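Trainee: need a 3D model of the sequence below.
(4 chains)
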There are 2 protein chains.
Amino acid sequence: MSLRHAVLAALVHGEASGYELAKRFDVGVGNFWHARPQQLYAELTRLHQDQLVRATEVPQRSRPTKYLYSLTDAGIAELVEFAAAPKKPTSARDELTVAVQVADVVDHAALIGNLSRRAAQARQKLTNLKDMEKSILGGRTEETFVRTTGHLGPYLTCRRGIQHEADTERWCEWAIGLLRSRIASGDRDRVTATAGP
Amino acid sequence: MSLRHAVLAALVHGEASGYELAKRFDVGVGNFWHARPQQLYAELTRLHQDQLVRATEVPQRSRPTKYLYSLTDAGIAELVEFAAAPKKPTSARDELTVAVQVADVVDHAALIGNLSRRAAQARQKLTNLKDMEKSILGGRTEETFVRTTGHLGPYLTCRRGIQHEADTERWCEWAIGLLRSRIASGDRDRVTATAGP
DNA sequence: CGTCACATGTAAAAGGTTACATGATTCG
DNA sequence: CGAATCATGTAACCTTTTACATGTGACG
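Mentor: The predicted model follows:
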């Protein structure tokens, strides 16, 4: 039940509407918690009912009324409790790795295609995250930043994302290399996706 | 809908009962796809109905009859198709990182506790995965292995796991270091989990 | 004139977790 | 004598995804 805490965490940064929050989940928060806009709208309603956030109505001309949400004291208390509670290990679920697991039974070219696409995605995310890191550090060195800032959290998670994406890219490229070398050293009896009866 | 493919992937290694499969998911496959035994029993039934696996009844004395499942040709074809299809990016969901994101609002000591526990889990998994790697390589160097083997897939995914766990451990320890240095350099106004009214 | 940004949701379906149920055998 | 291993499942619940619904204003 922890979409709830991801939303609260996203609101620490400042008040936001559901729509704005969705964008925060697309860039920053999305690195450690995915959620679709629909989920956010629903969760915000629940959080409001439970008084962990307060909502300010902002009428729009020619658009649905917008609601700006911000943390209440109860909301902050909830976060404090959450951070102290034992955490479940992340539950891994990666289709690509499932496909790689069966590399020996499967069409190599298609697999390599999938690995390249993933590598490209990782590079894209890396670029975004490095921009984010730059804007967090704001010209300071890490050492200075850590001593000065009141916003260590976002920096820590941003670094986490950077390392993870770099790791992903490295692994994809390495796997591609091995699969290719295997093709080069001659492989027979490979089943292909297009093989008909 | 890809628990299905994770199960098929696990069966490439050889026939298994639901119970045995649950163990494969605990060790090997679990590194990239989690599933509870109940899910596996249900999925195996479905796969059997769809004729992607065949089932051999094995009566037990004083125990529920056991079913040994193995891949059919249709099952292998399904895997081939799956491996060629475009893959969704992994959906990140990590409670610990959510907690770290709000480090600045939250009790540092408790957070550090959570980070240490995660680091310890990562070290444990690393040990297991390195044993697995050793048994896969079977004394050969990577180069020799890659040229000789018909089981590249499991090696690739095992390496993925190793790198990921190593990365996790490094990040946890690094984050702990920064959080501690922040305590040392004097921090005030930290909300603690035990603070009452 | 088409597409993107804004701004909210509802409803059904799929996927995953937790709790419960049963019961013999082996090991320390 | 208690715990772990073997061996299967059902049912209720919670979470996530997908599809649908609505409509304006700005930009090129």
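Trainee: quick check: closest non-adjacent residue to the residue most central in space within chain A.
Mentor: Most central in chain A under CA atoms, centre = their mean is residue A:31, positioned 2.0 Å from the mean C-alpha point. Spatial nearest neighbour of residue A:31, chain neighbours left out: residue A:161 (3.9 Å); criterion: CB to CB, 6 or more residues apart in numbering or on different chains. C-beta here means a position set from N, CA and C on the backbone, and glycine is covered the same way.
Trainee: for that neighbour, give me its contacts.
Mentor: Residue A:161 makes contacts with A:31-32, A:125, A:129, as judged by CB atoms under 8 Å, 6 or more residues apart in numbering or on different chains.
Trainee: that one and residue A:32: what is the separation?
Mentor: Counting by CB to CB, to the nearest Å, the separation of residue A:161 from residue A:32 is 7 Å.
Trainee: any idea of the mean pLDDT for the longest helix anywhere in chain A?
Mentor: Taking DSSP state H as the criterion, chain A has its longest helix at helix A:152-184. Taken as a whole, helix A:152-184 carries a mean pLDDT of 95.
Trainee: and the angle for that helix with helix B:152-184?
Mentor: Angle of helix A:152-184 versus helix B:152-184, following axes from the mean of the first three to the mean of the last three CA atoms, to 10 degrees, is 160 degrees.
Trainee: how far off centre is helix A:152-184?
Mentor: Centre-to-centre, helix A:152-184 and its host chain are 15 Å apart (CA atoms, centre = their mean, to the nearest Å).
Trainee: what strand or helix carries the closest residue to residue A:138 other than its chain neighbours?
Mentor: Excluding its sequence neighbours, the residue lying closest to residue A:138 (CB to CB, 6+ apart) is residue A:145, at 7.8 Å. Element membership for residue A:145, per DSSP states H and E: helix A:142-148.
Trainee: can you give me the buried ones in that helix?
Mentor: Within helix A:142-148, the residues that count as buried by 16 or more other CB atoms under 10 Å in any protein chain shown are A:145-146.
Trainee: ok, and what's touching that helix?
Mentor: Residues outside helix A:142-148 that contact it (CB under 8 Å, 6+ apart): A:136-138, A:140, A:152, A:155, B:178, B:181-182, B:185.
Trainee: so which of these would you say is closest to DNA strand D?
Mentor: DNA strand D lies nearest to residue A:155 out of these, by CB to the nearest atom of the strand, at 25.0 Å.
Trainee: pop out the phi and psi values for residue A:53.
Mentor: According to degrees, to the nearest 10, the main-chain angles of residue A:53 amount to phi -130, psi 160.
Trainee: surely it meets residue A:69?
Mentor: Yes. Judged on CB atoms under 8 Å, residue A:53 makes contact with residue A:69 at a distance of 4.5 Å.
Trainee: now do the shared contacts for the two.
Mentor: Joint contacts of residue A:53 and residue A:69 (CB under 8 Å, 6+ apart) are A:11, A:44, A:47.
Trainee: any chance of those in JSON lines, with neighbour count and secondary structure too?
Mentor: Converted to JSON lines, the shared contacts of residue A:53 and residue A:69 look like this (neighbours: other CB atoms under 10 Å in any protein chain shown; DSSP: H, G, I helix; E, B strand; the rest coil):
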{"residue": "A:11", "neighbour count": "23", "secondary structure": "helix"}
{"residue": "A:44", "neighbour count": "21", "secondary structure": "helix"}
{"residue": "A:47", "neighbour count": "23", "secondary structure": "helix"}
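Trainee: redo these as CSV? Include pLDDT.
Mentor: CSV is the format used below for the shared contacts of residue A:53 and residue A:69 (pLDDT from 0 to 100):
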residue, pLDDT
A:11, 98
A:44, 98
A:47, 98
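Trainee: what about the stretch of helix or strand residue A:79 belongs to, near DNA strand D?
Mentor: Assigned by DSSP H and E, residue A:79 falls within helix A:73-84. No. Helix A:73-84 stays clear of DNA strand D (CB under 7 Å from any atom of the strand), getting no nearer than 12.9 Å.
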